[in-house]
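[1] From the sequence below, what's the structure:
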Amino acid sequence: MSDYRSVAVIYGSDSSEWEVSRRSGEFTASQIDGEKYDVYEIFARFGSWTLAAYRMRGESRVEIRENRPEIDKNDFSVVLGERKVKFDYAYIMQHGTPGENGLMQGYLEMLGIPHSGCSAFVSAITFDKFSCKGYLKDVDFVKCADDIFIRKGDDIEGLAARAVEKLGLPMFVKPTDGGSSFGVSKVKDISEFDKAVELAFSEGEMLIAEAAIAGRELTCAVYYDGNAPVALPVIEIVSDNEFFDYQAKYEGHSREICPAVIPDALRDRIQEVSKLIYGKLGCSGLVRVDYISSEDGLYFLEVNTIPGMTSASLVPQMVRAAGLSMTEFLTSVIENS
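    Next up, the predicted model:
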C-alpha cells in the first residue's frame, strides 16, 4: 500500500471534450475510496486550474461554487482555508489536450508526482492515431486498416480521387488527435470528401482518411493489477447511427452489450491481443482498445489512454461485469500505476 493521502482528480480540458471530461472526473472522484484518501477535484481548462470540490477521509463531499482556490502549479498544491495541501497523486481524467496527449503527464513527471495512466511519451504516441498505428502496422496479432495522412496546409488538389483509389468507399475522415468522435465523418461518396476534410481540420492540424472496415465493433480495457496486465470483459457496440459518433456515445443512440455475445475464442483472442498491445505500446494504468472484427480478421481502431468514466461509460460497465466494485478497481489503478 502506498503512502498517498491526497488524491487530485483532474478534469475538464482545452478540447471539445471538456464537458464529457468533467462528468467522467466527477464520477471517478465519487468512486475513489473515501476511507483511504482525501479526494480533491481540480477543474482545469485553458490554463485556469481551480479546486472545484473536495472530500476529506470519512466525510461528505464539499462543492466550491464561488471563489474557487487556484492551484499553485509551481508545486501542484492548493491553499484551503489556513492549510496548504500538496497533492500526493494525480488521477488524470482530461479527455483531449492537455490530459490525453502527454502534456499533463509531462508536467507531473517533472515535479515527481505519481499519476494514473501512461507516461508522457506513451500518451503522446497513442493520442495521435496515425503515430499509434505506426507502432502496430507490422505486428502479427492484429491488422490495421489502410490510411492516408494529411496535414493542414498540404496540397489537397486531387486528394479525394487518390483517397478513393487507395482506400475505396466508404471511408472515414478524422482528426488524428481527437476523441468522442468530434470531427469524424463517414464518407460514402467522393463528393463528401472535401467537406469531411474541412470538418476534421476544425478539430486539429492533422487528419487521416482511413478505409472503413465492415464488421462488429468491439472494445476491451486493460489495467495493471500489480502483477500483470488484466483484460476486462469485452463489450460489443451496436450504433443506431452510421458509426459510433457523439450522439451514439453520449445520447443513447447505441446499444452496448456487456459482456459481448461472441464466440469464446474471439473473446479470448481480443483480451489477449489487448494485453499484447498494452505491452507493445508501453502502456500503464488503465487503457481501452477498440476493434472491428471482420471476416478477414481483427482490426485495431485506436487505444484510449483516458477512457470515459461516467457511470454509463464502457469501462464502468466492464468493471461491473467482471464482478468488481468501482471503488476497489480504482484503488488498484491508483496503487499500481
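
[2] alpha carbons only for contacts and neighbour counts from here, please
    Will do.

[3] just the strands in the stretch 151-300 of the chain please.
    Assigned by DSSP state E, counting those that start in this stretch, the strands in the stretch 151-300 of the chain fall at 171-175, 185-187, 206-211, 216-224, 229-231, 235-239, 254-257, 286-294, 297-304.

[4] out of those strands, nearest to A163?
    A163 lies closest, by CA to CA, to one member of the strands of the stretch 151-300 of the chain: strand 206-211, at 7.3 Å.

[5] name the helices or strands packed onto the closest one?
    strand 147-151, helix 159-167, strand 171-175, helix 193-201 (3 or more CA pairs under 8 Å, 6 or more residues apart in numbering; DSSP states H and E).

[6] Turn these into JSON lines, including mean pLDDT.
    Listed next are the helices and strands packed on strand 206-211 as JSON lines, based on pLDDT from 0 to 100:
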{"stretch": "strand 147-151", "mean pLDDT": "95"}
{"stretch": "helix 159-167", "mean pLDDT": "95"}
{"stretch": "strand 171-175", "mean pLDDT": "94"}
{"stretch": "helix 193-201", "mean pLDDT": "93"}
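
[7] Identify, out of these, the most deeply packed stretch.
    Among those, strand 171-175 has the highest mean neighbour count (mean count of other CA atoms under 10 Å), at a mean of 26.

[8] residue contacts, S185?
    S185 makes contacts with 172-174, 196, 199-200, as judged by CA atoms under 8 Å, 6 or more residues apart in numbering.

[9] To F27, which of the strands of the stretch 151-300 of the chain lies closest?
    That would be strand 286-294 among the strands of the stretch 151-300 of the chain, by CA to CA, at 15.9 Å.

[10] contact partners of the closest one?
    Contacts for strand 286-294 (CA under 8 Å, 6+ apart): 116-118, 213-224, 274, 278, 298-307, 315, 333.

[11] and which of the contacts of S185 is nearest to D72?
    Closest to D72, out of all of the contacts of S185 and judged by CA to CA, is A200, at 35.2 Å.

[12] That closest one and V184 touch, don't they?
    Yes. Using CA atoms under 8 Å, A200 is in contact with V184, at 6.2 Å.

[13] Which residues are in contact with each of the two?
    In contact with both A200 and V184: 173-175, using CA under 8 Å, 6+ apart.

[14] Can you redo the residues you listed as TSV, where the extra columns are distance to G204?
    Formatted as TSV, these follow (distance: CA to CA, whole Å):
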residue	distance to G204
V173	12
K174	9
P175	6
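
[15] show me where the protein has helices.
    18-31, 103-111, 120-127, 129-136, 159-167, 193-201, 246-250, 264-281, 314-321, 326-336 (DSSP state H).

[16] now those as TSV including distance to R5?
    Below are the helices of the chain laid out as TSV (distance: least, CA to CA, whole Å):
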stretch	distance to R5
helix 18-31	14
helix 103-111	17
helix 120-127	24
helix 129-136	35
helix 159-167	52
helix 193-201	42
helix 246-250	33
helix 264-281	29
helix 314-321	24
helix 326-336	11
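
[17] Determine which of those helices shows the lowest mean per-residue pLDDT.
    For the helices of the chain, mean pLDDT drops lowest on helix 246-250, to a mean of 47.

[18] Report how many residues lie close to G168.
    18 (other CA atoms under 10 Å).

[19] what sits against it?
    A211.

[20] so how far is I42 from S284?
    22 Å (CA to CA, to the nearest Å).

[21] Tell me which of the two has more neighbours.
    I42 (28 against 22).

[22] so the more buried one touches A53, yeah?
    Yes. I42 is within contact range of A53, at 7.4 Å (criterion: CA under 8 Å).

[23] With respect to E17, which of the shared contacts of A200 and V184 is nearest?
    P175 (13.6 Å).

[24] okay, the closest residue in space to F172 that isn't next to it in sequence: pLDDT?
    The shortest distance from F172 to any non-neighbouring residue, by CA to CA, 6 or more residues apart in numbering, is to K186 (4.6 Å). K186 carries a pLDDT value of 93.

[25] you'd agree K186 is up against L169?
    No. K186 is beyond contact range of L169, at 9.3 Å (criterion: CA under 8 Å).

[26] Compare neighbour counts for those two and give me the winner.
    Neighbours per residue (other CA under 10 Å) separate K186 from L169, with K186 holding more: 21 against 18.

[27] pLDDT at G178, what is it?
    Looking at G178, the pLDDT reads 62.

[28] I figured V273 hits F141, correct?
    Yes. Using CA under 8 Å, V273 is in contact with F141, at 6.5 Å.

[29] quick one, phi/psi of the residue of the chain most remote from its centre?
    For the chain, the residue at maximal distance from the C-alpha centroid (CA atoms, centre = their mean) is E82, at 36.5 Å. Phi and psi for E82, reported as degrees, to the nearest 10, are phi -100, psi 10.

[30] any idea how far it lies from S48?
    In terms of CA to CA, E82 sits 22 Å off from S48.

[31] do the same with F130
    Counting by CA to CA - F130 and S48 are separated by 30 Å.
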